[in-house]
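> predicted model and sequence below, questions to follow.
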Amino acid sequence: MSKGTFYITTPIYYPSDKLHIGHAYCTVATDAMARYKRLCGYDVMFLTGTDEHGMKIEDKARDAGVTPKQYVDNIVEGPRGVKDLWKLMNISNDRFIRTTDDYHVVAIQRIFKKLHDNGDIYKGKYVGKYCKPCESFWTESQLVDGKCPDCGRPVIDAEEEAYFFRLSKYADKVRDLLENTDFLQPRSRVNEMVNNFIKPGLEDLCVSRTSFTWGIPVDFDPGHVVYVWVDALSNYITALGYANDKYHDYDKYWPADVHFVGKEIVRFHSIIWPAMLMSLGLPLPKKVYGHGWLNFGGEKMSKSRGNVVDPYILAEKFGVDALRFFMLRTFPFGADGNFTNELLIQTINTDLANDLGNLVSRTTAMAEKYFGGKLPAGGELAELDGELKTLADQVRENYRTQMDAFQFSVALNEVWQLISRANKYIDETMPWALAKDEAKKPRLLAVMKNLCEAIRVSAIFVSPVMPDTAEAIFQRLGVPAEGRTLEAAVFDLETDGYWNTATGAPLFPRIDMEKELAELEALQAPARPAIEIEPLAAENVDFDTFCKSDFRAVKVKDCQPVKKSEKLLCFTLDDGTGTDRQILSGIAKWYKPEELVGKTLVAIVNLPPRKMMGLASNGMLISAVHKEKGEEKLNLLMVSDDIPAGAKLC
Ligand code: ME8
């Protein structure tokens, strides 16, 4: 019988052409929670989707030479797109919403009208900056050095007609919700919201724009499109059928039990979203949980930083379950976590290959060897077995408490207590020794059944996080459907005619850390352009200063390596004055001294003299530098030998 409903959501994702493991984090966590609640017996609705409107998408589509709809279709539905990634990660969402879906568009127009009709949306002026040549509005913070971020030209003060939502009206109610209820978790996020956003004063929110068109049109005022966050947040109710006829589950599932969201979008979910719902007169979601970020090298994984980790590469190498497990086992859900390949491999080797994998392999191998895989009723129990059961019962209790509080890493830690204890139980009971003595067969039977039971119970607990692994384990032990539910996850010392085990390949083969790390690093290295050149100087040098630099053609009379230096060459140069000039240059890596004698080079000759390795250097030779496939390259500037020594370059 159903325990009732449980409605859980992920944020709806921006269609990104490079989804990374950080994106998958939230969806994997939501999936594990949805599976857990199903296991508990709830009627679950798990929603995810894509957030497809806005100026950014419009711009990207224009750059790609396609319509915005074609652009988003390709990323959402196309190969290696959003839906593909969720398939790869074994995500069990019940519904997928796209904000370009017709029913959602209609519903947003109705929601906007309702907010307008009840007086919470009014027309005003959006004051910002305007770039005339680009015909674009910008906010102060979008400008780059005070100029248009697109073309770099100066901007002017400008106003755009816009609709505003009376967010300020709901400030007190929202503050009360945050401070005096469990609405927002973890609790630390409450202070962030109140101190950073509510205390300084909530301003009314601009909720329509006229400066771009890729959005949901305000039907009663053409030219305006609905602000993307109003459009996006409403997905949580439109996907259930609110203000549309496509679905009819609103009454059944709303209010949501929890919205899982990344910490940077907690603000929208815990301030704007409740205020919108209050204005619409709708119940509020029961909880918003703001999880942390997966960082890579200390920074948030993001495409613009070039530090993304490709889930396809990792899933192919280590398997999807291992990846899901790693994310949820290693990092406490509310905090940030630093993703490293070492940590991933170490976790797989320790927790999965050594602990869980070994337990299953050893147990099934012994069951096969001593009983042909069939464990009959009976057996002789001992005190130690009671200890194992007591621990299993405790773990079950703690596991449920922690999962109910969304603490995946702590819940899994509990399960691993049981798995470790079961491994120790093998060492303590020594089935191989019992097997030598026919009289000890009943004891051996009980030991084997207890091990199978510990594995069965653990497999139930890990099934929300590693569904395929749990399934494989159930199959190897011959556990029927009724033995796979959370209700059945009670350790039983008297199992009867239940076990029909099979051996198989290791569930998690051990990974050769060094070899895999090298391979991963090569695969994950950000694709470098073949040729890299330094960006142009940001600062101008004034003309008079530049004219003071004296560049001359110089002829190489002699060139020698500098003793004890791997870098330096010492040049004797004819600079046209009749007196030899000595210049030292750090180019030994690229040139042999003898190949330069007789060449005509360019030097700046009015730098102050410098000493290097005890030798004087009077000027600097000019060379061109760039990088090729990450490696530094240098070419001395050589000019025609027809140019006399001392000729001035200007
Ligand atoms: O914010 N670690 O979409 P989005 C952990 N469309 N989580 C990460 C992450 C990382 N390195 N990078 C991204 C949006 N995320 C809006 C949501 S909801 C009405 C609208 C998480 O594609 C991020 O925190 O930028 C967010 O929860 C989710 O991925 C989608 O991010």
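Right, received. Where do you want to start?
> report all helices and strands that the helix or strand where Asn295 lies contacts.
Per DSSP states H and E, Asn295 falls inside strand 294-296. Counting contacts by 3 or more Cβ pairs under 8 Å, 6 or more residues apart in numbering; DSSP states H and E, strand 294-296 packs against helix 21-40, strand 337-339. C-beta: built from backbone N, CA, C; applies to glycine.
> now Leu280: closest residue in space that isn't a chain neighbour?
The shortest distance from Leu280 to any non-neighbouring residue, by Cβ to Cβ, 6 or more residues apart in numbering, is to Lys114 (6.2 Å).
> may I have the strand or helix carrying Leu520 exported as PDB, CA atoms only?
Secondary structure assignment for Leu520, by DSSP H and E: helix 513-524. The C-alpha trace of helix 513-524 is given here as PDB (Å, rounded to 0.1, in the frame of the first residue of the first chain):
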ATOM      1  CA  MET A 513      45.700   4.000 -10.100                       C
ATOM      2  CA  GLU A 514      48.900   5.200 -11.900                       C
ATOM      3  CA  LYS A 515      47.900   3.900 -15.300                       C
ATOM      4  CA  GLU A 516      44.400   5.200 -15.100                       C
ATOM      5  CA  LEU A 517      45.400   8.600 -13.800                       C
ATOM      6  CA  ALA A 518      47.800   9.100 -16.700                       C
ATOM      7  CA  GLU A 519      45.100   8.000 -19.200                       C
ATOM      8  CA  LEU A 520      42.500  10.300 -17.600                       C
ATOM      9  CA  GLU A 521      44.700  13.200 -17.500                       C
ATOM     10  CA  ALA A 522      45.500  12.900 -21.200                       C
ATOM     11  CA  LEU A 523      41.700  12.500 -22.000                       C
ATOM     12  CA  GLN A 524      40.600  15.300 -19.700                       C
END
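> elements contacting the helix or strand just after that helix?
Following helix 513-524 in sequence order, the next helix or strand is strand 531-532 (DSSP H and E). Applying 3+ Cβ pairs under 8 Å, 6+ apart, we find strand 531-532 packed against strand 623-628.
> and the following helix or strand past the strand it packs on, what does it pack onto?
Where DSSP H and E defines the elements, the next helix or strand beyond strand 623-628 is strand 631-636. With contacts taken as 3+ Cβ pairs under 8 Å, 6+ apart, strand 631-636 sits against strand 623-628.
> got the buried residues for the strand it packs on?
Buried residues in strand 623-628, counted by 16 or more other Cβ atoms under 10 Å: Ser623.
> now name the helix or strand holding Asp59.
Using DSSP H and E, Asp59 sits in helix 55-64.
> so does the helix or strand following that helix get close to the ligand?
The helix or strand immediately downstream of helix 55-64 is helix 68-77, counting by DSSP H and E. No. With Cβ under 6 Å from any ligand atom as the criterion, the ligand is not reached by helix 68-77; the gap is at least 11.0 Å.
> how about the nearest residue to the closest residue to the ligand within the stretch 401-550 of the chain, chain neighbours excluded?
Nearest to the ligand, among the residues of the stretch 401-550 of the chain, is Phe408, at 13.8 Å (Cβ to the nearest ligand atom). Nearest residue to Phe408, sequence neighbours excluded (Cβ to Cβ, 6+ apart): Leu328, at 4.0 Å.
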